[in-house]
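Engineer: Need the 3D shape of this:
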Amino acid sequence: MDCPFCPSPELDAHVVLRNDLASFVQDERHQGALKHSGVIVPLRHVATPFDLTEAEVLATFRLLAAAKAWMDERVAPDGYNLGWNCGATAGQEVFHAHLHVIPRFRQEPLAGRGIRALLKSAANAW
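Structural biologist: Next up is the predicted model:
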């Protein structure tokens with residue numbers, strides 16, 4: 001299996017924080033316009049957060065608090081978006097559960113628009 005979020009030397013090069021069950025990864029090759037963003041990934045390969053154990057959920061959210069403190073200190077964002085994509089229809093491209101941690105800044109062109117902005121648009125009505 002070739003999973004970019006399973007533990008490997010290549011992934012380890014981008015790990016910023018880690019605990020026993022999860023890692024916070026920042027990889028500028030995949031961030032695009034989402035400056036300073038990252039993902040929290042469980043070490044165990046599971047497809048979605050619905051497959052996480054209670055211990056993995058707790059480890060993920062402990063790491064989320066640590067990642068927020070780390071980003072607050074280094075880049076001082078004005079807000080955050082957090083998100084899980086679960087399944088291809090929801091936009092999941094890598095089928096290893098990962099929580100997007102996206103710091104937001106007042107000067108962004110789309111400041112004030114949340115993760116539901118595209119979903120609420122008329123283009124998504126059916």
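Engineer: Who are the packing partners of the helix or strand bottoming out on mean pLDDT in the chain?
Structural biologist: Using mean pLDDT, DSSP states H and E, helix 28-31 stands out as the lowest-scoring helix or strand of the chain, at a mean of 76. Here helix 28-31 touches no other helix or strand, going by 3 or more C-beta pairs under 8 Å, 6 or more residues apart in numbering; DSSP states H and E. The way it works is simple: take the backbone N, C-alpha and C, and place the C-beta from them, glycine included.
Engineer: let's go with 10 Å and repeat that
Structural biologist: strand 38-42 (3 or more C-beta pairs under 10 Å, 6 or more residues apart in numbering; DSSP states H and E).
Engineer: just to revisit the earlier point, off-centre distance for the least confident helix or strand of the chain?
Structural biologist: Centroid displacement of helix 28-31 relative to its chain, using C-alpha atoms, centre = their mean, to the nearest Å, is 12 Å.
Engineer: now what about that helix, what contacts it?
Structural biologist: 4, 14, 34-39, 93-94, 102 (C-beta atoms under 10 Å, 6 or more residues apart in numbering).
Engineer: Now do the buried residues in it.
Structural biologist: Within helix 28-31, no residue is scored as buried using 16 or more other C-beta atoms under 10 Å.
Engineer: May I have it as PDB, with CA atoms only?
Structural biologist: Extracted in PDB, the C-alpha atoms of helix 28-31 (Å, rounded to 0.1, in the frame of the first residue of the first chain):
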ATOM      1  CA  GLU A  28       4.200  23.000   1.800                       C
ATOM      2  CA  ARG A  29       4.100  20.800  -1.400                       C
ATOM      3  CA  HIS A  30       0.400  20.100  -0.600                       C
ATOM      4  CA  GLN A  31      -0.700  23.400   1.000                       C
END
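Engineer: ok so, going back, if we take the contacts of helix 28-31, which one ends up nearest to residue 47?
Structural biologist: Nearest to residue 47 out of the contacts of helix 28-31 is residue 94 (C-beta to C-beta; 9.7 Å).
Engineer: Test my guess that the closest one contacts residue 27.
Structural biologist: No - at 11.6 Å, residue 94 does not count as touching residue 27 under the criterion of C-beta atoms under 10 Å.
Engineer: Give the residues shared as contacts by these two.
Structural biologist: With C-beta under 10 Å, 6+ apart as the test, residue 94 and residue 27 both reach 4, 39.
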